[in-house]
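# How does the following fold in three dimensions:
(one chain, ligands or ions: 2)
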Amino acid sequence: MTKSNATKKRIVFCDFDGTITINDNIIAIIKHFNPEGWERIAERTIATELTIQDGVGQLFRLLPSSLRDEVVSYGVNNVRIRDGFAEFLSYCKEQNIEFYVTSGGIDFFVYPTLEPFDIPRDHIYCNSSDFSGERIEILWPHPCDEHCHNHCGMCKTTIMRRFPEDQYERIIIGDSVTDFEGAKLADRVYSRSHLTVKCRELGLAHTEFDTFHDIIAAMADEERK
Ligand SMILES: [Mg+2]
Ligand SMILES: [Zn+2]
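Ligands and ions are numbered 1, 2, ... in the order given. Reported below is the predicted structural model:
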């Protein structure tokens with residue numbers, strides 16, 4: 001038996017790169033350090049010849065761990081937060097909406113970037129990193145469950161499935177094709193960029209946004225219905 005949305009707890013799953021931040025941080029970092037051969041790996045990942053997990057793992061393996069300080073500070077200092085993010089977090093608190101970050105990004109830039117926003121650490125899902133070997137190794141603490149075979153690395157749908165649809169109204173916010181599987185599970189989708197295109201192509205209901213102010217306005221509208 002499904003409960004009506006009115007009695008369900010609202011929960012937001014929010015992407016990080018290109019959503020909370022303006023830029024795509026993994027590509028920005030790799031581009032900046034420009035290790036030999038990164039373009040080919042990036043192309044093959046975009047073309048889905050490599051899984052996200054393989055592609056991202058291989059990209060970082062091109063960088064020596066000795067670059068740690070430079071990589072971390074580049075990652076942290078080049079982030080720009082999308083307008084309205086702090087206000088959106090306040091709106092969620094006020095409205096008693098649970099807020100989770102579901103990011104395919106890496107711990108060393110995700111956590112420091114989110115530090116000023118007072119989000120509980122266990123509400124932030126991302127990949128982690130190991131600088132103890134010769135080369136940077138990405139670790140994958142949140143892999144795909146038995147329902148997902150995409151080798152996401154950080155599997156957004158696996159996280160979403162822990163919040164069952166009979167108890168939660170699941171809301172996803174994202175910008176890229178990697179958010180699409182989550183969008184299919186969600187009750188509501190706020191999209192920009194490639195995710196909007198993909199939703200249009202496949203006829204999935206979505207609301208476009210540019211800033212988090214747009215999302216607050218759209219959600220407030222939704223609550224008035
Ligand atoms: Mg993204
Ligand atoms: Zn997955």
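# so what's the residue in the chain positioned nearest to ligand 1 closest to, chain neighbours aside?
Across the chain, no residue is closer to ligand 1 than Gly18, which sits at 3.7 Å (C-beta to the ion). Glycine gets a C-beta too; all of them are placed from N, C-alpha and C. The spatial neighbour of Gly18 that comes closest, neighbours along the chain excluded (C-beta to C-beta, 6 or more residues apart in numbering), is Asp175 at 4.1 Å.
# Run through the residues that contact the one you found.
Taking C-beta atoms under 8 Å, 6 or more residues apart in numbering, we find Asp175 in contact with 15, 17-19, 191-195.
# could these be laid out in CSV, adding pLDDT and neighbour count?
Putting the contacts of Asp175 into CSV (pLDDT from 0 to 100; neighbours: other C-beta atoms under 10 Å) gives the following:
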residue, pLDDT, neighbour count
Asp15, 98, 26
Asp17, 97, 25
Gly18, 97, 22
Thr19, 98, 27
Ser191, 98, 26
Arg192, 98, 22
Ser193, 97, 17
His194, 95, 16
Leu195, 97, 28
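# What is the nearest of those residues to ligand 2?
Distances from ligand 2 to the contacts of Asp175, taken as C-beta to the ion, are shortest for Asp15 (14.1 Å).
# Quick check on that closest one: phi, psi?
Summarising the backbone geometry of Asp15 under the convention degrees, to the nearest 10, its torsions are phi -70, psi 160.
# who touches the residue nearest to it when sequence neighbours are not counted in this structure?
If the residues on either side of it in the chain are set aside, Asp15 comes closest to Gly174, at 3.9 Å by C-beta to C-beta, 6+ apart. By C-beta under 8 Å, 6+ apart, the residues touching Gly174 are 14-15, 19, 182-183, 189-192, 195.
# out of these, which one sits closest to Thr158?
Within the contacts of Gly174, proximity to Thr158 (C-beta to C-beta) peaks at Gly182, which comes in at 9.8 Å.
# How about the contacts made by that closest one?
For Gly182, the contacting residues are 13, 102, 156-157, 160, 172, 174, taking C-beta under 8 Å, 6+ apart as the criterion.
# buried ones in the helix or strand hosting it?
Assignment of secondary structure by DSSP states H and E places Gly182 within helix 180-185. The neighbour-count check on helix 180-185 (16 or more other C-beta atoms under 10 Å) flags 180-183, 185 as buried.
# which element follows it toward the C-terminus?
According to DSSP H and E, the helix or strand after helix 180-185 is strand 188-191.
# Return that following strand as PDB; C-alpha atoms alone will do.
C-alpha atoms of strand 188-191 as PDB (Å, rounded to 0.1, in the frame of the first residue of the first chain):
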ATOM      1  CA  ARG A 188      10.400  14.800  -8.600                       C
ATOM      2  CA  VAL A 189      13.400  15.800 -10.800                       C
ATOM      3  CA  TYR A 190      15.100  19.200 -10.900                       C
ATOM      4  CA  SER A 191      17.500  19.200 -13.800                       C
END
